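Student: Give me a model of this one.
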Amino acid sequence: MSILLKLNGESRLYLGGYDTQFHEEDPFRTQSLKGLWRYWLRAYIAGAMYDAGLLECKEEGDLVCGIDPESLKKIVEKTGDLLGSQGSASKFRIVINRAKADRKEDEFAAQRIRLLSMGKRGKISYGDKAYAEIIIEKSPHVKRIDENEIKVVIGSLLTALSLNGLGKGGRRGLGTFSVEVEGFNGDFLVNGKLDHSKLRELIRETMESVRSYLDLDRGKPSEIPPIDCISEAKIDLSGIVPGVRLINLRETPVFMIVRAKPREDKSIDNMVIELQDFFYRPARLRRMKYRISSADESRDDITRERLAWFLGLPRMQKMTGYIYDGRRASAVHLAVHKEGALFTFFLSGDWPTEIVWIGRRRKNLKIDRLEVKKAYITSVSSLLEYLDRIGYESEVIYL
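Tutor: Model (predicted):
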């Protein structure tokens, strides 16, 4: 087997080297792609297990939900069987056939890049007009690969390239690519090009292959999963946040995507800046035309209910904000493509049970399953309102 992907850069590529700067002689690194690929494959495998009732939210000390060791072992093993592990080589290998990008530098106004450049002298360089041709092929030591394995692996890679970018800010709209595919077919391809308007088809086809690969049927889970999952499951979240009408909350998807498209033409740089601003309170309030006030009096639901931890921990500046002795990535991902943007939301229980919020006063925040569900619904609802305010059409996509 040999499948060719042609990647054309869309948003800026901050794939820095040892000195955080972009190097034209090394414009594309397979390590970055492999890490992304592995994350999304694991999310598919975990999702199929969760949908089958094999992945449950267990009480676990410092976390709202823990995953039982046997389930975690199976996810790691099944991921490793395809993409390699410490004990076995990957069944697939990536060959970079061609790669190039122009090195540029400027003072980009996107919040994520401003944070990365704090304390550094000079400007951070990036890759512009990036292009790469990569070949996915069977590793030489592998005698045979099953058709389902190919569909699982390529489907998860195309999902990764749709919903994330590469390099710094890859979950905040940067490092995205359009993708042309040769040697692989699917209803989500139009004239050989990955079409994000057919994202539901891509995920459904891939999930069916994952179920076949794992030999699993669908069940009917009723509680949140313990880790990020690509899932078709819907659970009852009605009555948690009054007045929200974004979807039928009695059947709330635990995995959903919001597709956003500007009503007027915008450059991709402007889209990145505007959409990243949703994740940062001062910028979000400014664009919503809310006045800055105390958290208790804020018109912004995320601020008033102190739910911004859902957008990633820790979140602090000048010793104010959400303090946590560890790291937890945001449950919301952003990918900005030329034809529009994709926000991905995961509902899962792997959050700390207690964090500290410091504003005008200090407060210990207790997080439980109900609070996680509340943060999920509020974040989606707030995003849809934000998008409408700044001039975007939006669509909620779920399986």
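Student: Just the element for the spatially most central residue of the chain, please.
Tutor: In the chain, the residue lying closest to the centroid (CA atoms, centre = their mean) is His333, at 3.4 Å. Following DSSP states H and E, one finds His333 within strand 332-337.
Student: For that strand, C-alpha coordinates in CSV please.
Tutor: Taking Å, rounded to 0.1, in the frame of the first residue of the first chain, the C-alpha atoms of strand 332-337 are listed here in CSV:
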residue,chain,number,x,y,z
VAL,A,332,-11.9,22.9,23.1
HIS,A,333,-9.7,22.7,20.0
LEU,A,334,-9.6,25.3,17.1
ALA,A,335,-8.5,24.7,13.5
VAL,A,336,-8.7,27.7,11.1
HIS,A,337,-8.9,26.8,7.4
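Student: Report the next helix or strand after it in sequence order.
Tutor: strand 340-346.
Student: Restrict the helix or strand following that following strand to CA atoms and write it as PDB.
Tutor: Using DSSP H and E, the helix or strand that follows strand 340-346 in sequence is strand 354-358. C-alpha atoms of strand 354-358 as PDB (Å, rounded to 0.1, in the frame of the first residue of the first chain):
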ATOM      1  CA  GLU A 354     -10.200  21.200  43.100                       C
ATOM      2  CA  ILE A 355      -8.400  24.300  41.800                       C
ATOM      3  CA  VAL A 356      -7.900  27.800  43.100                       C
ATOM      4  CA  TRP A 357      -9.300  30.900  41.500                       C
ATOM      5  CA  ILE A 358      -7.800  34.300  42.400                       C
END
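Student: which residues touch Arg250?
Tutor: For Arg250, the contacting residues are Asp236, Leu237, Ser238, by CB atoms under 8 Å, 6 or more residues apart in numbering. From N, CA and C alone the C-beta is placed, and that goes for glycine too.
Student: Output the contacting helices and strands for the strand holding His333.
Tutor: helix 147-163, helix 268-276, strand 340-346 (3 or more CB pairs under 8 Å, 6 or more residues apart in numbering; DSSP states H and E).
Student: Just put those in a markdown table and tack on mean neighbour count.
Tutor: As requested, these are exported to a markdown table (neighbours: other CB atoms under 10 Å):
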| stretch | mean neighbour count |
| --- | --- |
| helix 147-163 | 22 |
| helix 268-276 | 21 |
| strand 340-346 | 23 |
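Student: want to try TSV for these, with mean pLDDT as columns?
Tutor: What follows is the helices and strands packed on strand 332-337, written out as TSV (pLDDT from 0 to 100):
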stretch	mean pLDDT
helix 147-163	97
helix 268-276	96
strand 340-346	98
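Student: possible to save the ones you listed as TSV with distance to Ser32?
Tutor: As requested, these are arranged in TSV below (distance: least, CB to CB, whole Å):
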stretch	distance to Ser32
helix 147-163	11
helix 268-276	18
strand 340-346	18
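Student: Show me the one of these that comes nearest Phe255.
Tutor: Closest approach to Phe255 among the helices and strands packed on strand 332-337 is made by strand 340-346 (6.1 Å; CB to CB).
Student: Which strands or helices does that closest one pack on?
Tutor: helix 147-163, strand 255-262, helix 268-276, strand 332-337, helix 369-389.
Student: now do 7 Å
Tutor: Other helices and strands packing on strand 340-346, by 3 or more CB pairs under 7 Å, 6 or more residues apart in numbering; DSSP states H and E, are helix 147-163, strand 255-262, strand 332-337, helix 369-389.
Student: which residues sit against the second one?
Tutor: Think strand 255-262. Residues from elsewhere that reach strand 255-262 (CB atoms under 7 Å, 6 or more residues apart in numbering): 199, 229-231, 271, 340-346, 380, 383-384, 387, 391-398.
Student: Same check on the first one?
Tutor: Counting by CB under 7 Å, 6+ apart, helix 147-163 makes contact with 1, 3, 36-37, 40-41, 44, 82, 91-92, 136, 177, 179, 184, 194, 196, 199, 202-203, 205-206, 209-210, 212-213, 333, 335, 342, 344, all of which sit outside it.
Student: Can you flag which of the residues you listed belong to strands?
Tutor: Taking DSSP state E, the ones among the contacts of helix 147-163 that sit in strands are Ile3, Phe92, Ile136, Phe177, Val179, Leu194, His333, Ala335, Leu342, Thr344.
Student: coming back round to it: for the residue nearest to the centre of the chain, which non-adjacent residue is spatially closest?
Tutor: Distances taken as CB to CB, 6 or more residues apart in numbering put Thr344 closest to His333, at 4.2 Å, once the chain neighbours are dropped.
Student: Wait, the one you found touches Ala329, no?
Tutor: No: assessed by CB atoms under 7 Å, Thr344 is found out of contact with Ala329, at 11.9 Å.
Student: Report the contact partners of Asp300.
Tutor: Taking CB under 7 Å, 6+ apart, we find Asp300 in contact with Arg284, Leu285, Met288, Tyr290.
Student: what's the closest of those to Pro253?
Tutor: Minimum distance to Pro253 across the contacts of Asp300 is 24.0 Å, recorded for Arg284 (CB to CB).
Student: element containing that closest one, please.
Tutor: helix 281-288.
Student: what comes up buried for the following helix or strand past that helix?
Tutor: Once helix 281-288 ends, the next helix or strand along the chain (criterion: DSSP H and E) is helix 301-304. By neighbour count on 16 or more other CB atoms under 10 Å, the buried set for helix 301-304 is Asp301, Ile302, Thr303.
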